[in-house]
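Trainee: quick one, fold the following:
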Amino acid sequence: MQPRNARIKGAIIVTQMASALQINSLDAIRRIQRVQTVTIAWMSVEAMVSLFAAWRARSPALLAFDGDSAIELFSAVVVLWRFHASDEHEDAEKQAARVAGILLFALAAFVAVSSVASLLGYSEAEPTFLGIAILVAAAVVIPWLAKEKRRLSRATGSAALRADAAQSALCAYLSLIALAGLAINTIWHVRWADPIAALAVLPLIVWEGRDAMHGKACGCC
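Mentor: From the prediction side, this is the model:
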């Protein structure tokens, strides 16, 4: 009787552990969905405001930041859809990452051209307090989002979420670099600081685009 009771108790313990793991997994997925929803809402506002400010101020640095914000918005939508979908959509996820990589390369080329044009005097970046405000807000909000995504990616083992966390981290770095360029231009009226800041972020954009094309997270996470 004792071996049988032991087997029964063992089966009960295994069932309880499986149930607990399933509950933890479902809870983690719900948290991921909430974080991605917040990301989408914030990135939508951030992209629209920074695009408007970049257009008004003719700022290459803001344009670079806005483009990366749009890519991060796209990435957040893909990851949110990924955690609503079944496991049969991994190929679609990889294709989405490749599209994001192509868009990042296109953004890098456009930022390079606009920055060089600004340095050559064809256009001049104007001070923009709206741009500074959105960059300051981004420097506060985005690192928190990246931290939450890293934590949840470790809990779930999700490569897609880990890549999205890396993109959020990159977006935070871009906000600080662009903020430095805009602040120097606004305070000391150094017009070339804005396009120089935009050129400084180009290696980061190209790096992220290359890793996205290969379906990997960048090393900044």
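Trainee: all helices for this structure, in order.
Mentor: Along the chain, the segments classed as helices by DSSP state H run 2-57, 60-82, 90-119, 129-156, 159-188, 193-213.
Trainee: ok, now how distant is the residue nearest to residue 104 when sequence neighbours are not counted from residue 144?
Mentor: Of all residues not flanking residue 104 in the chain, residue 209 sits nearest, at 3.3 Å (C-beta to C-beta, 6 or more residues apart in numbering). In short, each C-beta sits where N, CA and C put it, glycine included. When C-beta to C-beta, to the nearest Å is applied, the distance between residue 209 and residue 144 equals 25 Å.
Trainee: out of the two, which sits in the more crowded spot?
Mentor: residue 209 (22 against 13; other C-beta atoms under 10 Å).
Trainee: for residue 70, see how far away the more buried one is.
Mentor: For residue 209, the distance to residue 70 equals 13 Å [C-beta to C-beta].
Trainee: low-confidence ranges in this structure?
Mentor: Low-confidence segments of the chain, defined by pLDDT under 70, are located at 1-24, 85-93, 96-97, 215-221.
Trainee: what's near enough to touch the residue lying closest to residue 183 once chain neighbours are set aside?
Mentor: Counting by C-beta to C-beta, 6+ apart, residue 183 lies nearest to residue 132, which is 6.4 Å off, once chain neighbours are set aside. Counting by C-beta atoms under 8 Å, 6 or more residues apart in numbering, residue 132 makes contact with 179, 182-183, 186.
Trainee: how close does residue 132 sit to residue 178?
Mentor: Computed with C-beta to C-beta, the distance linking residue 132 and residue 178 is 9 Å.
Trainee: cool, and residue 39?
Mentor: As it turns out, when the distance is counted by C-beta to C-beta, residue 39 lies 19 Å from residue 178.
Trainee: with neighbour numbers in mind, choose between those two.
Mentor: Ranked by neighbour count (other C-beta under 10 Å), residue 39 and residue 178 place residue 178 first, with 32 against 28.
Trainee: my guess is that one contacts residue 196. True?
Mentor: No: under the criterion of C-beta atoms under 8 Å, residue 178 lies out of contact with residue 196, with a separation of 11.0 Å.
Trainee: deepest of the helices of the chain, which one?
Mentor: The highest mean neighbour count among the helices of the chain, using mean count of other C-beta atoms under 10 Å, belongs to helix 60-82: a mean of 25.
Trainee: check the offset of it from the chain's centre.
Mentor: A distance of 6 Å separates the centroid of the chain from that of helix 60-82, by C-alpha atoms, centre = their mean, to the nearest Å.
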